[in-house]
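Q: Have a look at this fold, sequence not included:
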């Protein structure tokens, strides 16, 4: 099951040390390079340049796209969105893509997202995460708390059932849904 994590942003701005962060409105070949570094993810939409461009550039909505580099090498891609619901400004962590070999960047990306969205007027930050996964622990350590809201998935009869139940093989983000 997927849970929604939420945070009320803090009062500081987190700039990850050792990374160069660029806000861009495109996905180049670096998206394919980064996706190739996520080989352990068996249960995911293929989030390469073609998919990301279709989903976030050709989509009529507005997204903020950030690329994280370390020593001029792509280490992360993050997509954020701002929206208003019932008069409250929400920031949404739509997509986080990072190399299997550099999971430490994940907390820095989350903290950067929370601070960026706060700076841009968001009262609440939201993300999707798989319950009881290692990634959930990282979200919690970044200050997001759990608001239980389950999303049910259908399993194809041809799926690898053993891989389906291994949380560490999943990549599931808010960008994979239809409600954004």
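A: Good, I have the coordinates. All values reported here derive from a predicted model rather than from experimental measurement. Numbering: from 1, shown residues only.
Q: To which secondary structure element is the residue of the chain most remote from its centre assigned?
A: What lies farthest from the middle of the chain is residue 157; by Cα atoms, centre = their mean that is 28.1 Å. If you go by DSSP states H and E, residue 157 is not part of any helix or strand.
Q: what are the phi and psi angles of it?
A: Backbone dihedrals for residue 157, given as degrees, to the nearest 10, come out at phi -60, psi -20.
Q: looking just at contacts, which helices and strands does the helix or strand containing residue 135 meet?
A: Using DSSP H and E, residue 135 sits in helix 134-141. Applying 3 or more Cβ pairs under 8 Å, 6 or more residues apart in numbering; DSSP states H and E, one finds that helix 134-141 makes contact with strand 2-7, helix 105-119, strand 124-130. All C-beta atoms are positioned from the backbone trio N, CA, C, and that covers glycine.
Q: Now with 7 Å, please.
A: helix 105-119, strand 124-130 (3 or more Cβ pairs under 7 Å, 6 or more residues apart in numbering; DSSP states H and E).
Q: Let's have those in CSV, adding mean neighbour count and distance to residue 138.
A: Formatted as CSV, the helices and strands packed on helix 134-141 follow (neighbours: other Cβ atoms under 10 Å; distance: least, Cβ to Cβ, whole Å):
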stretch, mean neighbour count, distance to residue 138
helix 105-119, 22, 5
strand 124-130, 21, 9
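Q: Which of these has the lowest mean pLDDT?
A: Here the lowest mean pLDDT among the helices and strands packed on helix 134-141 goes to strand 124-130, at a mean of 82.
Q: quick one: that strand to helix 134-141, angle?
A: 160 degrees (axes from the mean of the first three to the mean of the last three Cα atoms, to 10 degrees).
Q: and the angle for strand 124-130 with helix 105-119?
A: 150 degrees.
Q: partners of strand 124-130 in the sheet?
A: Neighbouring strands of strand 124-130 in its sheet, by DSSP bridges, are strand 2-7 (antiparallel), strand 88-98 (parallel).
Q: distance between it and the chain's centre?
A: 9 Å (Cα atoms, centre = their mean, to the nearest Å).
Q: strands paired with the longest strand belonging to the chain, and their directions?
A: Longest strand in the chain, counting residues (DSSP state E): strand 73-85. Strand 73-85 has the following strand partners under DSSP bridges: strand 64-70 (antiparallel), strand 88-98 (antiparallel).
Q: need the contact list for the closest residue to residue 33 other than its chain neighbours.
A: Counting by Cβ to Cβ, 6 or more residues apart in numbering, residue 33 lies nearest to residue 74, which is 5.8 Å off, once chain neighbours are set aside. With contact set as Cβ atoms under 7 Å, 6 or more residues apart in numbering, residue 74 has these partners: 30, 33-34, 67.
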